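J.: Here you go, sequence then predicted model.
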Amino acid sequence: MRTKNIVFLICVVFFALGAYVFLEGIVETWIVPLPVAGVGGFNGLGVMLPRLLTGFGVLAASGAILCSVVESAVPLKWCLALGSIYGIAYVLLAVAGPIISPRAHQSLGGVLIALLVGFGMSIAPIIGGVLIKRRYLR
């Protein structure tokens with residue numbers, strides 16, 4: 001039963017990644033405004049918020065799917081594992097990116113925001129799992 005749950009977890013991880021890439025393409029094309037020519041990119045809240053909401057939404061939906069598919073006494077534990085995979089990966093990429101690229105720099109505020117977003121990514125699948133679990137209890 002445990003190996004079956006691990007296979008489900010891996011499938012949901014790749015499903016979430018594919019869904020995020022697909023939805024990110026839609027967000028990039030339709031919602032986020034393109035930078036003005038010659039001015040460069042804009043990394044403000046107006047560009048970051050739709051991407052974060054897309055990521056959190058995909059993770060919450062993936063947590064709901066995983067919670068309904070997994071055969072376990074504690075399915076939210078599997079949702080925490082899903083969120084931890086993405087949260088740790090996000091924090092590592094956000095913090096290690098400036099280390100790899102010599103031109104980029106990361107301030108303390110940027111590191112704190114990366115940690116906060118990583119924590120949110122860890123919690124989002126649990127929220128989706130709790131919502132689907134409540135529906136099953138009714």
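T.: Structure received. Residues are numbered from 1 along each chain as shown.
J.: Grab the most central residue of this structure for me.
T.: Central residue of the chain (Cα atoms, centre = their mean): G55, 4.3 Å from the mean position.
J.: Which residue lies closest in space to that one, excluding its sequence neighbours?
T.: Spatially, and ignoring its direct neighbours in sequence, G55 is nearest to Y20 (6.1 Å; Cβ to Cβ, 6 or more residues apart in numbering). (C-beta placed from N, C-alpha, C; glycine too.)
J.: And for L23?
T.: Spatial nearest neighbour of L23, excluding adjacent residues (Cβ to Cβ, 6+ apart): T54 at 5.0 Å.
J.: Can you give me the distance of that neighbour to S68?
T.: According to Cβ to Cβ, to the nearest Å, T54 stands 22 Å off from S68.
J.: So which of these two has more stuff around it?
T.: Counted by other Cβ atoms under 10 Å, T54 and S68 do not tie: T54 has more neighbours, with 19 against 14.
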